[in-house]
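**Q** turn this into a model:
(2 chains)
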There are 2 protein chains.
Amino acid sequence: MVAGLLAVALRRSGYQVGVLDADITGPSITKMFFPNGARPGSSPLAILPAETRTGIRVMSINLLLESEDQAVIWRGPLISGAIRQFWSDVLWGELDYLVVDLPPGTSDASLTVLQSLPMSGVVLVTSPQDLAGMVVRKAAQMVGQVGVPLLGLVENMSYFVCPDTGKQHEIFGPSKAEAMADWLGVPLLGRLPLDPQIAALCDHGQIEHYAGDVFQSIAEQLVELAPDARKPVMPGT
Amino acid sequence: MVAGLLAVALRRSGYQVGVLDADITGPSITKMFFPNGARPGSSPLAILPAETRTGIRVMSINLLLESEDQAVIWRGPLISGAIRQFWSDVLWGELDYLVVDLPPGTSDASLTVLQSLPMSGVVLVTSPQDLAGMVVRKAAQMVGQVGVPLLGLVENMSYFVCPDTGKQHEIFGPSKAEAMADWLGVPLLGRLPLDPQIAALCDHGQIEHYAGDVFQSIAEQLVELAPDARKPVMPGT
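**A** Numbers count the residues shown, from 1 in each chain, chains lettered A, B, ... in the order given. As a prediction, the model looks like this:
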C-alpha cells in the first residue's frame, strides 16, 4: 500500500513512474491499480509493463497468471530469477522513479533486489507495534550490510480517527516512529492513519483516486533525498 | 499473534503445547511470550525449547541470536534447514499440539513445513481486505496441492470497537469471512477484533495474560477437527 501510494504521489508530481512488485508469492500491486485485472503489454522483443489510468507502468507476477488467485509455489532461486527478469527483461521505457515493493523478511526477494538492482535507497515501513519494529530493525541491518542507503521511515497503521468523536485511537499502541527514526539515523517521512478509505480504494483498484496529502509530502521528501533521478516533465510543458 | 494466542488457549484447556516459529526472517513468537528475552534450554544431546510462564515450549531463531534485532539474512535452503532442525533436533518432549507459526507467502518456509512436518492441518488467517484475501486464497491452493487438510479460517483485524461509543468500525471494510470460508469449504473458526489490549500484551511478552473468549472457542473447534492428538492431562488429575 505504501509502495502503491508513493508511486501515485510521484506520478502526480509529474514524474515517469514504474512499480516493480517483488513480492512474488504475495503480490498485491495489480489489485490496487487495476479494477478489472490487467495483462502485460505485448511486444516481440520484451515484456511490456501494464499501464494504469494515470500512466504508471506496473510489473507483477499477477499479470502473468491466468487468475489472480493462482498460487506461485516457488522456492528462492525461482523467486530471485523472476525479480531479476522483471528488472532486465521488461521494457520499462524512460522512468524517473521505479518503486520496488518488497515482501517482509530478509530472505531471497529482498536480498535479490538489494544485490541485483541499482537502488537509490530503501524506505522502511513500520507500525507502532514493537513486534513490527523488531522485524524492521532486522531489515535495516540487512540494508546496511548490503551497503544501500536508507532514505527514511514511514509508520503505517499509526492511529484511527473515530468518525463520530474525532478522537485518535492508537490501536497498536503509542507511536515509536520518532525514536525509531532517530535510532536508524534517518528522517521520519510520515505517519499514516488506519483509513477505511485507503483500504476500500486498494480493494477496488482505485488507489489513484486517493486524495490524502501525506503521500505527497513523503514523495517530495524522497525526491530531495534521492536526487539522482532525472527532472520531472510536468504535464503540458 | 493468532498462533501465539491459539497456543495459550490450548494450554489453558490442559494440553501440552509447543510453538515452532517457522518465520525465520521475521520471528515474533519469543517477543510475545518472554518479557525479558529467553534462551533455549541446554542439554548435551539436543536443543531444548524455552519454556514460558505457563509451560508452553517455544522454539524460534530469536532464541539463538545474540540480540533480538539481529538480522537473519538467509536464502531459502538455510531457512528450510533451520525449520527442519527445529522439528527434528529439538527435544520437544511429549506434546499434544505443536503450533507452527508460518510467514505469509508460498515459498520456502511454508513449503518446507508442509512437506517435511507431519501436519494434522492448516489454519488460514485472513483479514477483511480483499488484498489479504487474495494472498490467502493462493495459500489455500498451495495447501491443497501438498495434500494437507485445511482445518478452518480465522479473520483477523475484523473490526474496532470504539471505547467511547461502543460502535463497531470496519476499518478494513466489511467482513468477507463467511463467504471465504464457504468458498474454501472449511468452517469459519472466529473473527478477531482490532484490540489495543492484545497489541500491548504481545509487545510486553504477556500474551498468556489475554483473557478473551474467542481463542478458547477457536481452540475447542480445532481439537474437534484434529482429533488425532492425545487426550489432555488436566492440571491436578
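**Q** give me the number of residues near the residue in chain A that chain B sits nearest to?
**A** With Cβ to the nearest Cβ, the shortest gap between chain A and chain B falls at A:Gly76, namely 3.0 Å. Backbone N, C-alpha and C define where each C-beta goes, glycine included. Using other Cβ atoms under 10 Å in any protein chain shown, A:Gly76 has 21 other residues around it.
**Q** which non-adjacent residue is nearest A:Gly103?
**A** Careful, residue A:103 is Pro; it's not Gly. Setting aside the residues directly before and after it, A:Pro103 is nearest to A:Asp23 in space (Cβ to Cβ, 6 or more residues apart in numbering or on different chains), at 4.1 Å.
**Q** please apply the same query to A:Thr126.
**A** A:Val136 (4.3 Å).
**Q** doesn't the one you found fall inside a helix?
**A** Yes - judged by DSSP: H, G, I helix; E, B strand; the rest coil, A:Val136 forms part of a helix.
**Q** next, the residue of chain A positioned farthest from its centre: secondary structure please.
**A** Distance from the centre of chain A peaks at A:Thr165, with 32.1 Å (Cα atoms, centre = their mean). Classification of A:Thr165 using three-state DSSP returns coil.
**Q** can you give me the strands in chain A?
**A** A:17-21, A:50-51, A:57-59, A:97-101, A:122-126, A:150-155, A:160-161, A:168-169, A:188-191 (DSSP state E).
**Q** out of those strands, nearest to B:Leu98?
**A** Among the strands of chain A, the nearest to B:Leu98 by Cβ to Cβ is strand A:122-126 (30.5 Å).
**Q** what are the pairing partners of the closest one, and which direction each?
**A** Strand A:122-126 sits in its sheet next to strand A:150-155 (parallel), going by DSSP bridges.
**Q** what mean pLDDT does the strand it pairs with get?
**A** For strand A:150-155, mean pLDDT rounds to 97.
**Q** for the residue nearest to A:Pro103, what are phi and psi?
**A** Dihedral pair for A:Asp23: phi -90, psi 80, per degrees, to the nearest 10.
**Q** now render the strands of chain A as CSV, adding mean neighbour count.
**A** Formatted as CSV, these follow (neighbours: other Cβ atoms under 10 Å in any protein chain shown):
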stretch, mean neighbour count
strand A:17-21, 26
strand A:50-51, 19
strand A:57-59, 25
strand A:97-101, 22
strand A:122-126, 22
strand A:150-155, 22
strand A:160-161, 16
strand A:168-169, 16
strand A:188-191, 22
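**Q** returning to that earlier point: can you count the residues close to the residue nearest to A:Thr126?
**A** For A:Val136, the neighbour count with other Cβ under 10 Å is 21.
**Q** related to what we said a few turns ago, distance check, the residue of chain A closest to chain B against B:Lys176.
**A** 32 Å (Cβ to Cβ, to the nearest Å).
**Q** and for A:Pro174?
**A** Distance from A:Pro174 to B:Lys176, by Cβ to Cβ: 31 Å.
**Q** just A:Gly166 next, same as before
**A** Going from A:Gly166 to B:Lys176 by Cβ to Cβ gives 29 Å.
**Q** got it, and A:Val58?
**A** 25 Å.
**Q** which residue ranges of chain A form helices?
**A** With helices called from DSSP state H, chain A shows them at A:2-12, A:29-33, A:76-88, A:108-116, A:130-146, A:177-184, A:196-203, A:214-225.
**Q** now do the second one, average pLDDT.
**A** For helix A:29-33, the per-residue pLDDT values average out at 97.
**Q** go on, stretch A:60-73?
**A** Averaging pLDDT along stretch A:60-73 gives 94.
**Q** name the nearest residue to A:Gly37, ignoring sequence neighbours.
**A** Setting aside the residues directly before and after it, A:Gly37 is nearest to A:Glu68 in space (Cβ to Cβ, 6+ apart), at 6.8 Å.
**Q** quick check: that neighbour touching B:Leu131?
**A** No - A:Glu68 is beyond contact range of B:Leu131, at 10.4 Å (criterion: Cβ atoms under 8 Å).
**Q** A:Glu66: what's it in contact with?
**A** Listed by Cβ atoms under 8 Å, 6 or more residues apart in numbering or on different chains, A:Glu66 has no contact partners.
**Q** ok so, going back, just send the helices of chain A back as TSV, with distance to B:Gly37 too.
**A** Formatted as TSV, those follow (distance: least, Cβ to Cβ, whole Å):
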stretch	distance to B:Gly37
helix A:2-12	30
helix A:29-33	37
helix A:76-88	30
helix A:108-116	26
helix A:130-146	12
helix A:177-184	18
helix A:196-203	35
helix A:214-225	34
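**Q** give me whichever of those helices is most buried.
**A** helix A:29-33 (a mean of 26; mean count of other Cβ atoms under 10 Å in any protein chain shown).
**Q** now do it: which elements does it pack against?
**A** In terms of contacts (3 or more Cβ pairs under 8 Å, 6 or more residues apart in numbering or on different chains; DSSP states H and E), helix A:29-33 is packed against helix A:2-12, strand A:17-21, strand A:57-59, helix A:196-203, helix B:130-146.
**Q** touching it from outside, list them.
**A** Residues outside helix A:29-33 that contact it (Cβ under 8 Å, 6+ apart): A:1, A:3-4, A:19, A:21, A:23, A:37-38, A:50, A:52-53, A:56, A:58, A:60, A:62-63, A:68, A:101, A:201-203, A:205, A:207-208, B:130-131, B:134.
**Q** could you do stretch A:80-98 as well?
**A** Stretch A:80-98 is touched from outside by A:7, A:10, A:15-22, A:24, A:43, A:45-49, A:57, A:59, A:61, A:74, A:108-109, A:111-113, A:116-117, A:226, A:229-232, B:75, with contacts defined as Cβ under 8 Å, 6+ apart.
**Q** for that stretch, measure first residue to last.
**A** Length of stretch A:80-98, first residue to last, Cα to Cα, to the nearest Å: 18 Å.
**Q** so for that stretch, mean pLDDT?
**A** Mean pLDDT, stretch A:80-98: 96.
**Q** same check on stretch A:220-236?
**A** 68.
**Q** rewinding a little: which stretch among the helices of chain A comes nearest B:Met157?
**A** helix A:196-203 (10.0 Å).
**Q** is chain B contacted by the closest one?
**A** Yes - under the criterion of Cβ under 8 Å from any Cβ of the partner chain, chain B is reached by helix A:196-203 at A:196, A:199-200, A:202-203.
**Q** nothing else from me, thank you.
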